[in-house]
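> Need a 3D model of the sequence below.
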Amino acid sequence: MDSVSVNQFRDNLKAYVEQAVSNHTPLKVTRRSGEAFVVMSADDWEREQETLYVLQNTNLMQQVAESAVTHAQGKGYSPKDEDIHEITGL
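Below you'll find the model as predicted:
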């Protein structure tokens, strides 16, 4: 993650915000006192929050683990060709 001073950030606010939104790259902004904050796009923030929710939800993580085992064993649901076409033909 790139890091800039709060003064650099203020002087180039538009460019740094555009970079965070367009390139989906967070930016760490440091203050003279040593405190820092991160600038990131709202879409990236929401994605991070969803990921954290799933990782903290033991039931969902159990389902993911069981699904991984089923997939590794070659078991579970396998869509037919017409099912795939219906999904991808939208």
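
> ok but residue 28 is inside a strand, no?
Yes: according to DSSP: H, G, I helix; E, B strand; the rest coil, the state of residue 28 is that of a strand.

> got the contact list for it?
Residues near residue 28 by CB atoms under 8 Å, 6 or more residues apart in numbering: 1-4, 36-38. From N, CA and C alone the C-beta is placed, and that goes for glycine too.

> Try it again at 7 Å.
Residue 28 makes contact with 1-3, 36, 38, according to CB atoms under 7 Å, 6 or more residues apart in numbering.

> Please identify the one among those residues that lies nearest to residue 24.
residue 1 (11.9 Å; CB to CB).

> got the domain boundaries for the chain?
2-41, 44-88 (automatic domain parsing).

> quick one, phi psi at residue 31?
Backbone torsions for residue 31, taken as degrees, to the nearest 10, come to phi -100, psi 160.

> ok, it - contacts?
With contact set as CB under 7 Å, 6+ apart, residue 31 has these partners: residue 6.

> State the mean pLDDT of the host helix or strand of residue 84.
Following DSSP states H and E, the helix or strand that holds residue 84 is helix 81-88. Mean pLDDT, helix 81-88: 87.

> Send me stretch 29-44 as PDB with only the CA atoms.
Presented in PDB, the C-alpha positions along stretch 29-44 are these (Å, rounded to 0.1, in the frame of the first residue of the first chain):
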ATOM      1  CA  VAL A  29      -2.200   8.900   4.600                       C
ATOM      2  CA  THR A  30       0.100   9.700   7.500                       C
ATOM      3  CA  ARG A  31      -0.100  12.700   9.800                       C
ATOM      4  CA  ARG A  32       2.900  14.400  11.500                       C
ATOM      5  CA  SER A  33       1.700  13.000  14.900                       C
ATOM      6  CA  GLY A  34       2.100   9.500  13.500                       C
ATOM      7  CA  GLU A  35      -1.600   8.800  13.200                       C
ATOM      8  CA  ALA A  36      -2.700   7.600   9.800                       C
ATOM      9  CA  PHE A  37      -5.900   6.900   7.800                       C
ATOM     10  CA  VAL A  38      -6.700   5.000   4.700                       C
ATOM     11  CA  VAL A  39      -8.500   6.200   1.600                       C
ATOM     12  CA  MET A  40     -10.300   3.600  -0.500                       C
ATOM     13  CA  SER A  41     -13.200   3.500  -2.900                       C
ATOM     14  CA  ALA A  42     -16.700   2.800  -1.400                       C
ATOM     15  CA  ASP A  43     -17.000  -0.300  -3.600                       C
ATOM     16  CA  ASP A  44     -13.700  -1.700  -2.100                       C
END
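
> With that, I have no additional questions.
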